[in-house]
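Student: Next come a sequence and a model predicted from it.
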Number of protein chains: 2
Amino acid sequence: MKTRHILFTTLILCSLSLVAQVKTEKWKIFELTLNGPTDGNPFTDVKLTGQFINASDTISVPGFYDGDGAYKIRFMPQKEGEWLYQTVSNVKKLDKKKGSFLCTSALKDNHGPVEVKNTYYFAYADGTPHNSFGTTCYGWVHQGDSLAEATIKTLSKGYFNKMRMCIFPKSYDWNHNDPKFYPFEGTPPKDWNFSRFNPAFFRNIEKRIKQLDSLGIQADLIVFHPYDRWGFSTMNRTTDDLYIDYIIARFAAYKNVWWSMANEYDFMKEKTLNDWNHYIERFAKNDKFHHLIGIHNGSIIFDHTNPYITHASIQGEDTYKAKEYRNKYKKPVVFDECRYEGNIPWSWGNLTAQSMTEKFWRGFTNGGFVGHGETYVTENPIKLPEVSSDVLWWSKGGNLKGESPERIKFLRKIIESAPPYLKPIPLFTWMPFSCIGIDHEFYLGYLNDAQPRSVVIDLPKDASYKVEIIDTWNMTIKPLEKVFTGRSLIELPAKPYIALRIVKQ
Amino acid sequence: MKTRHILFTTLILCSLSLVAQVKTEKWKIFELTLNGPTDGNPFTDVKLTGQFINASDTISVPGFYDGDGAYKIRFMPQKEGEWLYQTVSNVKKLDKKKGSFLCTSALKDNHGPVEVKNTYYFAYADGTPHNSFGTTCYGWVHQGDSLAEATIKTLSKGYFNKMRMCIFPKSYDWNHNDPKFYPFEGTPPKDWNFSRFNPAFFRNIEKRIKQLDSLGIQADLIVFHPYDRWGFSTMNRTTDDLYIDYIIARFAAYKNVWWSMANEYDFMKEKTLNDWNHYIERFAKNDKFHHLIGIHNGSIIFDHTNPYITHASIQGEDTYKAKEYRNKYKKPVVFDECRYEGNIPWSWGNLTAQSMTEKFWRGFTNGGFVGHGETYVTENPIKLPEVSSDVLWWSKGGNLKGESPERIKFLRKIIESAPPYLKPIPLFTWMPFSCIGIDHEFYLGYLNDAQPRSVVIDLPKDASYKVEIIDTWNMTIKPLEKVFTGRSLIELPAKPYIALRIVKQ
């Protein structure tokens, strides 16, 4: 501690010579750019670290080469006040650069990064609860500006607060076009210099991460995925590690970043469980801002008890199992994929809007979080998936065509206006109806696609309760005049997709 | 063999003295009535057996006391031609009664009892395939004539060919009325002489079994069930056996009888697995007409590998698991309960008509059979289930209010007009779509509640196929003009509940 204190004092004195103090808002990015060598391989030859120091912490973050002789260090200050820094490098020109900045308080709408809260939940660093309402556009950053801007415009409508997106481009049905940028220097399809990154590729992604952040949307970055024709899914461990370190250096200072190790890890046959645990640990140790870490399955759910995994990222269509997975993993449960609203031939992409909406309600009322995706083909005449280049939201983004997003937004408003950290409560006698709430205070129950004309609920006898009937499909909320207590027969409209909000008077 | 042949010849000679030969149609009932003692306990003191003999078989069936001094023996001849009989009794007046009748050929619409065929299927004794389309009215025989006749009228509309029904009366939500008859002599609710049956109770059931048979409907008789306030679910082994023997003696000659050991065997906590296996074996050994034997679960599926069990009678809402249970049990799979169409608060009874219909399609297109039930409350004002006396089809019968029966009838026509004994075929690349058929010849596929605008199917390349689009909800069948072969993109109406019928040209 003593050494660090002396260092801090020294740096303070050095910084006094600065006239205008640089200011960085809490949880935003302080970026230092230095000029350095362009010869050799700047990506692998040059070591650069920034040490950021305030009265209580010293945080070392890696720098990275951004091309054209520019070396950058990005830092997200998480405490207000004076921060000093100095660089450490094996290149003299980059070494021992010192300076300071003032971390100012967060402005409105800046709540900081999302963290795990109370075992099963998320909250922003400032304590504001975060309920995850995700969507999925795997390859949207690879489609060029015009489509990306359309995607951003769609996202600005406030349906979602998380975007699941691949770093590497995607090759799959309906996805045969080439990406605008490639991550490595070289020539497509497979002639890459895996030790030299293409900064333009990453700058393009950063631009989109920033846009998402400005809309309050988390960027759930998928590090690896199997849908590949360029060899990015079968790189060796050395290249994978180089790539991981590079994206940590570039992206980790963005407060809205989540790390998703994979889309469908188990479909990547070249990688072993040992590989995945290695990557997970690498992110946990090298990302000094400790962003959320998940790993998403195809058929076989990963062992989410791994302590470096922050939340269970699940592919599975039975979102009511959120409760089961909560109990199993003791972590937040996010159904990142539970089939998509759409009309494609593959059965994971032809849910009705009703089913997609229902999966959200089932997941949330069992204590989990759910992600959306949309797969509508619109081309005429229709083509086989292997030759079609239709624009499907699930991969390319663009415009939403479905009817679930409005309903998801409706649910989001209900969840966000409810007390935080609702837990599963067995309010209904018969499964599979589900309910979350706070005992004796608040209940949000959901009756699936069933059509009961009434429900019978044993409410606490020592209080009285107001009941609202929520039509989750038609997005109406109807308060009942009567007040209920004890064993209650509550009349319902006898149609599917009904929920109940019950609040103690 | 020699002794039997002499006996047969002797009996033939005896019968020559008869002037007018009695005739009984194959698989119908020859009934012999004898007068005997009324003193003591005719139900337990008197032993009476009928031996029925033709050129190749001797079949001994038990007689029973039908009250008022009348003893009866019922026999269902399964072979045409001359049958002789003689009685054996411990009462002289009932012993050594001899006679004969001529078993004539079955008339149209009489196909005999249903048997297991080709491991996974049912057929009538005359070889006609039987596809089981059941419904459920647990307590309909206990509601009196007016409601029972309404039930029969409803059943005459041809939706169903099996009725799941309890022998003992039912006490449960919406079922608080007393039955018209009780099975034992005594005084309700609990003062019974368990060694003396009430013949009127059983005659009433026989009347209904006969009415069902006249409509071509199997009577799936439930021997025990837990929903009881009279003590019939907790009788001892001796009484249970007496009761079983009595119903075998009375009911087994009815060709449309199936034996279901229980509704929800595992909810009858007083009975052990040993008890159930004993009952199953007793039916298998004492019923000389070898009717189908099943046992239906609540939560825990019975071990249907028991060789006396003829088919797997399943309660479970996931009817697509028919394929899984076929493989597991190597028997016909009947989803006798997969939740019911209705609007009651309990979640097993508030399916939409769409969901009920869908469960039928999913079950059948996975190689199983499915049963219907309906639970609509209609009373105004609505009451708590524990005090309501509303008439719900599922228990009391009456009129159907739902929309699934017409759709089930539509499916039934499609199944009955298809080639028999269709097996599950993985026609679709992606689960959970399902298909049954005959390889290269015929396919019946179902796309659930998904809304694909197209399906991609790899049909055999060496033949061409006609495709029909079936809207299972709107009950339309639309043939496509184009003929398909090999990898085929088939356009669909992009809405739920679509099936495909594909037939080789």
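Tutor: Thanks, I have it.
Student: from here on, contacts and neighbour counts on C-alpha atoms
Tutor: Fine.
Student: what's the neighbour count on residue A:109?
Tutor: Residues near residue A:109, counting by other Cα atoms under 10 Å in any protein chain shown, number 9.
Student: all helices for chain A, in order.
Tutor: Counting by DSSP state H, chain A has helices at residues A:2-15, A:42-45, A:145-155, A:199-214, A:237-251, A:273-286, A:322-329, A:353-364, A:393-396, A:404-417.
Student: can you list the ones you listed in CSV and add mean pLDDT?
Tutor: Putting the helices of chain A into CSV (pLDDT from 0 to 100) gives the following:
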stretch, mean pLDDT
helix A:2-15, 53
helix A:42-45, 98
helix A:145-155, 98
helix A:199-214, 98
helix A:237-251, 98
helix A:273-286, 98
helix A:322-329, 97
helix A:353-364, 98
helix A:393-396, 98
helix A:404-417, 98
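Student: Out of the ones you listed, flag the one nearest chain B.
Tutor: helix A:353-364 (8.6 Å; Cα to the nearest Cα).
Student: Tell me the pLDDT of residue A:124.
Tutor: On the pLDDT scale, residue A:124 is placed at 98.
Student: and the nearest residue to it once chain neighbours are set aside, what does it touch?
Tutor: In this structure, residue A:124 finds its nearest non-sequential neighbour in residue A:114, 4.2 Å apart by Cα to Cα, 6 or more residues apart in numbering or on different chains. By Cα atoms under 8 Å, 6 or more residues apart in numbering or on different chains, the residues touching residue A:114 are A:122-125, A:130, A:255-256, A:291-292.
Student: just residue A:60 next, same as before
Tutor: Contacts for residue A:60 were tallied using Cα under 8 Å, 6+ apart; they are A:49-52, A:288.
Student: In strands, which of those appear?
Tutor: A:49-52 (DSSP state E).
Student: how far away is residue A:482 from chain B?
Tutor: Distance, residue A:482 to chain B, using Cα to the nearest Cα, to the nearest Å: 15 Å.
Student: May I have stretch A:342-357 exported as PDB, CA atoms only?
Tutor: Extracted in PDB, the C-alpha atoms of stretch A:342-357 (Å, rounded to 0.1, in the frame of the first residue of the first chain):
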ATOM      1  CA  GLY A 342     -41.200 -16.300 -38.000                       C
ATOM      2  CA  ASN A 343     -42.300 -18.400 -40.900                       C
ATOM      3  CA  ILE A 344     -39.200 -20.300 -42.100                       C
ATOM      4  CA  PRO A 345     -39.300 -24.100 -42.600                       C
ATOM      5  CA  TRP A 346     -36.900 -24.900 -39.800                       C
ATOM      6  CA  SER A 347     -38.900 -25.400 -36.700                       C
ATOM      7  CA  TRP A 348     -36.800 -23.100 -34.500                       C
ATOM      8  CA  GLY A 349     -37.900 -20.200 -36.600                       C
ATOM      9  CA  ASN A 350     -41.600 -20.400 -37.200                       C
ATOM     10  CA  LEU A 351     -43.300 -19.500 -33.900                       C
ATOM     11  CA  THR A 352     -46.400 -17.400 -34.100                       C
ATOM     12  CA  ALA A 353     -46.300 -14.100 -32.400                       C
ATOM     13  CA  GLN A 354     -48.600 -15.500 -29.700                       C
ATOM     14  CA  SER A 355     -46.100 -18.300 -28.900                       C
ATOM     15  CA  MET A 356     -43.100 -16.000 -28.900                       C
ATOM     16  CA  THR A 357     -45.000 -13.600 -26.500                       C
END
